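Asker: Structure for this input, please:
(chains A, B and C)
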Amino acid sequence: MIKQCLKVAFILFAICAVSVILLAVINQITAPYIEINTQRTTMETLSAVSGGYSQGEQREGNGGDISYVIPLSDESGNIVGYILELTTTGYGGDIVIAASYYTDGSVLSAKVMSNSETPGLGKKAEESWYMAMFEGLGGDQALPESKNDLADPSAVSGATVTFNGVSSAIRSGSDYVKSLGGR
Amino acid sequence: MTYIAIIITYVFIQNFILVQFMGLCPFIGVSKNSESALGMGMAVTFVTAVASVVCYAVYTYLLIPFDLAYLQTISFILVIAALVQIVEMVIRKMSPSLYKALGIFLPLITTNCAVLGIAIINIDEGYNLLESFFAGLSAGLGFTLAIVLMSNIREKLELTPVRKVFKGVPIAFISAGLMALAFMAFDKSLLTNLGLV
Amino acid sequence: MSHRYELTKGIFKENPTFIIMLGMCPTLGVTTQVFNAFGMGASVLFVLLGSNIFISALRKIIPDSIRIPAYIVVIASFVTIVEMVLHAFVPAVFNALGVYLPLIVVNCIILGRAEAFANKNTVLDSALDAIGMGIGFTLALSLIAAIREIFGAGTITLFNLSETQRLIITIPGLSESPVRVLTLAAGALLVMGYLKAFFTWNSERKAAKGERA
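Answerer: Numbering: from 1, shown residues only, chains lettered A, B, ... in the order given. Sure, this is the predicted structure:
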């Protein structure tokens, strides 16, 4: 009886051991690629919104919807703007946006970093034309507060909640940049 | 306050069956009468709550210190399978009447997506121990709510003339679809409006 | 039974999704885009093939009393392999499938085939069974995804790795005013209900024809 029990336990243990060794080997192979992928996506997004300015050292955000701030400076080292990582809620999930602003609060560029929004609704926000709607606004010209402020409201129709989430995040980022006052 | 937000999220906004489709197999299979639906729901709630806590502990105190996060899936499913076995044995010893009510559902729960699902979601969302417990509990309650509502609908459907090809599973899916439409009224802005986030 | 039967039965006659009705949760969760359906189908096919071959090869070694935990370990290992490989080499698919990827472990199709087929049959038959069931599952997923994406978004996403590497067919008319609800949770359940009714009707019609002939 005990012998039988030990035999069964040994077989189960052997199967577990083989699987774990196999997984460990595969993990060794894939882990570096996963690391590179994650870093590359963040770096690519940040440099895509940086507008060609050089990125400074990362600072703490406001502890709320702004996770971190990266100052942007021109060739002579003057701060010309900031990149902000903004988190907002859409219809079904969170949307994380990297948005860059000039010091006067106007939008330089913006891009979605990660999007757990309901497929088919929020995926529009990942297209490049979507964020282009905000570019240049926020300084002298006000940012759109609802889709009716847009030149073509039908572009975002059917995904109004997503649009409100994105636009409020970008507006709050703009206000935050104005409060920084170029520092 | 955040606990209330978690409860509302997993019972209504992210209802496991009607929004995330987790646990759909027992939802269609066991929802024919309301008594067994309630039994299944309670058994699942019990297991999701306990599994959330145990999986969180395994992940935080065992996998992370030893740098074994890649074993997450395999260790969670084994923990859940073992847990379901233990729960079954304990209930049988402690309370034969409870075992009578829940016993037949317990073996089915290991392969219920909802249990593994909530364990993984807890880790992805970065919940702490207590938040994981509440998320697990409310995911189970959401499951119970949906399956009990469904069983009542299906008991009524038995007495209603339904076209032959739609009888049984197809009409159950369509009823579930209509319930999901109703659940769309709960969205994340509910939490904002209640001032919970 | 012939080898050919083992391969083809999963595609129509015993289609895992529409006839046996197993593995519903990923079926509805990921079918918002055709490309996601391909990704999920291919992942399940790989896991099913691996676990069926392993379990069938080990069927004389694994004692009956521990077969379920042993199967779960084998299946979970293959799922983890798929997770790691997709995460490393095709992160777009990994992100799109999200939590439904690890949930392949509890997909009843895989444990079901291990229990009902692989532990009684030879390695070759089990492999063929896995390929057939995997293809049947992929086709079913693609059908549901196609219906939901065409009517719900007016597009067909055949390929989508990044903004530069993709192939999306846009259907004029539908893409401007799609039936948005179909891409949401409720639409998935409705589509599944109507498709199941269609398949019931179809098999009954065939049975009636068979009686008359």
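
Asker: Spatially, and excluding backbone neighbours, which residue is closest to whichever residue of chain A sits closest to chain B.
Answerer: Chain A approaches chain B most closely through residue A:27 (4.5 Å), counting by CB to the nearest CB. To be clear about C-beta, it is placed using only N, CA and C from the backbone, and glycine gets the same treatment. Closest residue to residue A:27 apart from its sequence neighbours, by CB to CB, 6 or more residues apart in numbering or on different chains: residue B:70 at 4.5 Å.

Asker: Then residue A:131?
Answerer: Residue A:131 sits nearest to residue A:110 (CB to CB, 6+ apart), 4.1 Å away.

Asker: ok now whichever strand or helix holds the one you found, how far from the chain's centre?
Answerer: Per DSSP states H and E, residue A:110 falls inside strand A:107-115. Here strand A:107-115 is found 7 Å from its chain centre; the criterion is CA atoms, centre = their mean, to the nearest Å.

Asker: That one pairs with which strands, and in what direction?
Answerer: Its sheet considered, strand A:107-115 pairs with strand A:94-102 (antiparallel) by DSSP bridges.

Asker: Can you show me the CA trace of the strand it pairs with as PDB?
Answerer: Output of strand A:94-102 as PDB, limited to C-alpha atoms (Å, rounded to 0.1, in the frame of the first residue of the first chain):
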ATOM      1  CA  ASP A  94      -7.900  52.100 -18.500                       C
ATOM      2  CA  ILE A  95      -6.100  54.000 -21.300                       C
ATOM      3  CA  VAL A  96      -2.500  55.100 -20.800                       C
ATOM      4  CA  ILE A  97      -1.300  58.000 -22.900                       C
ATOM      5  CA  ALA A  98       2.100  59.600 -23.500                       C
ATOM      6  CA  ALA A  99       1.500  63.200 -24.300                       C
ATOM      7  CA  SER A 100       4.100  66.000 -24.900                       C
ATOM      8  CA  TYR A 101       3.400  69.700 -24.400                       C
ATOM      9  CA  TYR A 102       5.200  72.900 -25.000                       C
END
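
Asker: pLDDT (mean, whole number) over that strand?
Answerer: For strand A:94-102, the mean per-residue pLDDT is 85.

Asker: now that strand, how far from the centre of its chain.
Answerer: 7 Å.

Asker: And stretch C:159-173, by the same measure?
Answerer: On CA atoms, centre = their mean, the centre of stretch C:159-173 falls 23 Å from that of its chain.

Asker: Identify the residues contacting that stretch?
Answerer: Residues outside stretch C:159-173 that contact it (CB atoms under 8 Å, 6 or more residues apart in numbering or on different chains): A:126-128, C:33, C:35, C:90, C:92-93, C:150, C:154-158.

Asker: same for whichever helix in chain A runs longest, what does it pack against?
Answerer: The longest helix of chain A (DSSP state H) is helix A:2-49. In terms of contacts (3 or more CB pairs under 8 Å, 6 or more residues apart in numbering or on different chains; DSSP states H and E), helix A:2-49 is packed against strand A:94-102, strand A:107-115, helix B:72-94, helix C:67-89, helix C:91-97.

Asker: Columns mean neighbour count and distance to residue B:196 on top of those, output as JSON lines?
Answerer: Below are those laid out as JSON lines (neighbours: other CB atoms under 10 Å in any protein chain shown; distance: least, CB to CB, whole Å):
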{"stretch": "strand A:94-102", "mean neighbour count": "23", "distance to residue B:196": "15"}
{"stretch": "strand A:107-115", "mean neighbour count": "21", "distance to residue B:196": "23"}
{"stretch": "helix B:72-94", "mean neighbour count": "18", "distance to residue B:196": "29"}
{"stretch": "helix C:67-89", "mean neighbour count": "22", "distance to residue B:196": "33"}
{"stretch": "helix C:91-97", "mean neighbour count": "19", "distance to residue B:196": "28"}
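
Asker: weakest of these by average pLDDT?
Answerer: strand A:107-115 - the lowest mean pLDDT of those, at a mean of 81.

Asker: For the top strand by length along chain A, which strands pair with it and how are they oriented?
Answerer: In chain A, taking DSSP state E as the definition, the longest strand is strand A:79-89. In the sheet, strand A:79-89 lines up against strand A:66-73 (antiparallel), strand A:94-102 (antiparallel) (DSSP bridges).

Asker: Just the buried positions in that strand, please.
Answerer: For strand A:79-89, a neighbour-count test (16 or more other CB atoms under 10 Å in any protein chain shown) marks A:80, A:81, A:82, A:83, A:84, A:85, A:86, A:87, A:88, A:89 as buried.

Asker: again with stretch C:58-69
Answerer: C:58, C:59, C:62, C:67, C:68, C:69.

Asker: need the next SSE after the longest helix along chain C, C-terminal direction.
Answerer: Looking across chain C with DSSP H, the single longest helix is helix C:123-153. Counting by DSSP H and E, the next helix or strand C-terminal to helix C:123-153 is strand C:155-160.

Asker: ok and the next helix or strand after that following strand relative to strand C:155-160, angle-wise?
Answerer: Helices and strands here follow DSSP H and E; after strand C:155-160, the next one along the chain is strand C:166-170. Interaxial angle of strand C:166-170 relative to strand C:155-160 (axes from the mean of the first three to the mean of the last three CA atoms, to 10 degrees): 170 degrees.

Asker: Quick check: which helices or strands does the helix or strand following strand C:166-170 pack against?
Answerer: With elements assigned by DSSP H and E, the helix or strand that comes after strand C:166-170 is helix C:185-212. On a contact count with 3+ CB pairs under 8 Å, 6+ apart, helix C:185-212 meets helix B:169-183, helix C:24-29, helix C:123-153.

Asker: In chain B, where's the longest helix?
Answerer: Chain B, longest helix under DSSP H: helix B:129-158.

Asker: hmm, it in reach of chain C?
Answerer: No: Helix B:129-158 stays clear of chain C (CB under 8 Å from any CB of the partner chain), getting no nearer than 11.0 Å.

Asker: so residue A:167 makes contact with residue A:134?
Answerer: Yes: A contact is recorded between residue A:167 and residue A:134 when judged using CB atoms under 8 Å, the distance being 7.3 Å.

Asker: Identify the contacts common to these two.
Answerer: A:143, A:144.

Asker: Quick check: which ranges of chain A have low pLDDT?
Answerer: A:90-93, A:115-124, A:154-159, A:182-183 (pLDDT under 70).

Asker: Around chain A, which positions in chain C sit nearby?
Answerer: C:32-33, C:58, C:61-63, C:65-66, C:69-70, C:73-74, C:76-77, C:80-81, C:84-85, C:87-89, C:91, C:95, C:98, C:149, C:152-153, C:163, C:178, C:180, C:183-184.
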